[in-house]
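# fold the following, please.
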Amino acid sequence: MIRLITIVTGILLTWQVYGQQRPMQSLYMFDPLLLNPAYAGNHVQLSATAIYRNQWVNFPGAPRTLTATVHSGFRGSRAGVGIIAGRDEIGIHGENSLYLAYSYKIPVSQYSKTTLSFGLQGGFNDFKSDYGKLNPKSPTDPFFGVVDRTFTWNFGAGLYLRSDKFYVGLSVPYGLNNKVVDFESLESEALQRRYYYLTGGFMKELSKDVKLYPSTVIRFQEEAPLSFDFNLLAVLYDVVGFGLSYRLNDSVVGLFELQINENFHVGYAYDFTTSDMARFSNGTHEIMVNYRIKINKLHKGLACPSYW
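Sure, this is the predicted structure:
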């Protein structure tokens, strides 16, 4: 138990000193708007997605993340707008965020249905640290019962090139290195470091009823090691998908998706932790629900992509 407490304390202290990394998710390929504002409106129809992640089950203070996005195309699908909301918790820290996204799409090739989208997003993060949840050695600890709250604005941008066979994206969704802790009595240089995302994927048709979707995301974070995921999803009859994902030095992920009908799409991921954290955790669960619907006034006569 002492060793476990030491590890948890080390994680929290490191997180405060070097800054919070953005919440990790395994089902992002089903909601790319979380990584790139240029994706807004690429479903054409109105699309709403919620993803809940319970990381490192049974580990005290482990991260829990809930994200929700809503986006739609308009003006003949040339433009797109979206909303990105999130709630992230780790230890005594919690963060709420809300961002608005806008994208504009330019046709590149009519033959391959290739388009290039430019995207912008802007919003805020409301960060709260409740030191009253800690169990200090002394009740006279100056931080005992203190609640620190930091409100910051941020913005980002992205590019997204897609066709009916492939996609490539580059984005910086949060451009400012904002402070994490603003408490005057606490000496901290913790910053939310800037992230760069490079994404890509393509479709390989094995038969009329079986398709493969390899994809990847590469994460560049300032003052942090390079990180990447490699995903492989097999989709049967355009209805059900099974796959695996490898995350560098972290986990192997099992993926499942199901198209219930033309409106509802669900997904599930389980992370098998491969790092030393596996000794203290029972893995990570993540679930996703997506709802899509055409609005006649906005989407009449427009074709909606079958996958991305």
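# list the contacts of residue 30.
By CB atoms under 8 Å, 6 or more residues apart in numbering, the contact set of residue 30 is 49, 51, 257, 265, 267, 288, 290. All C-beta spots, glycine's among them, are computed from the backbone N, C-alpha and C.
# ok, residue 222 next?
Applying CB under 8 Å, 6+ apart, we find residue 222 in contact with 177, 193-194.
# cool, residue 34 as well?
So residue 34 contacts 25, 28, 51, 67, 69, 84 (CB under 8 Å, 6+ apart).
# now the first one, nearest residue through space, not along the chain?
If you skip the residues right next to it in sequence, residue 25 has residue 53 as its closest partner in space, 5.7 Å away by CB to CB, 6 or more residues apart in numbering.
# for the host helix or strand of that neighbour, which outside residues touch it?
Using DSSP states H and E, residue 53 maps to strand 46-54. Here strand 46-54 makes contact (CB under 8 Å, 6+ apart) with 23-27, 30-31, 33-34, 62-72, 284-295, 298-299.
# how about a cut-off of 6 Å?
25, 27, 31, 64-72, 285-293, 295 (CB atoms under 6 Å, 6 or more residues apart in numbering).
# what's the mean pLDDT across it?
Per-residue pLDDT over strand 46-54 has a mean of 96.
# quick revisit: out of the contacts of residue 34, which are inside strands?
Residues of these located in strands (DSSP state E): 51, 67, 69, 84.
# and which of those residues is nearest residue 242?
Nearest to residue 242 out of the ones in strands among the contacts of residue 34 is residue 51 (CB to CB; 18.6 Å).
# now rank the contacts of residue 34 by neighbours and give me the top one.
Highest neighbour count within the contacts of residue 34: residue 51, with 25 neighbours (other CB atoms under 10 Å).
# how far away is that residue from residue 161?
Between residue 51 and residue 161 the distance, using CB to CB, to the nearest Å, works out to 24 Å.
# run a quick neighbour tally on residue 58.
Residues near residue 58, counting by other CB under 10 Å, number 9.
# for it, what are its contacts?
Residue 58 sits in contact with residue 282, where contact means CB under 6 Å, 6+ apart.
# wait, residue 166 sits on residue 202?
Yes: the pair residue 166 / residue 202 is scored as a contact, 3.9 Å apart, by CB atoms under 6 Å.
# and residue 281, what is it in contact with?
Applying CB under 6 Å, 6+ apart, we find residue 281 in contact with 56, 59, 273.
# please name the nearest non-neighbouring residue to it.
Distances taken as CB to CB, 6+ apart put residue 56 closest to residue 281, at 3.8 Å, once the chain neighbours are dropped.
# what residue ranges in the protein are flagged as low confidence?
Within the chain, the segments meeting pLDDT under 70 span 1-21, 112, 136-145, 180-191, 301-308.
# quick check, central residue of it?
residue 34 (4.6 Å; CA atoms, centre = their mean).
# ramachandran coordinates for it?
When quoted as degrees, to the nearest 10, the phi and psi of residue 34 stand at phi -60, psi -30.
# check the secondary structure at residue 61 for me.
Assigned with DSSP: H, G, I helix; E, B strand; the rest coil, residue 61 falls in the coil class.
# pretty sure it sits against residue 89.
No: using CB under 6 Å, residue 61 is not in contact with residue 89, being 8.8 Å away.
# count the residues that sit near the residue nearest to residue 25.
For residue 53, the count of nearby residues is 22 (other CB under 10 Å).
# please name the bridge partners of residue 54.
Here residue 54 sits in beta bridges with residue 64, residue 285, going by DSSP bridges.
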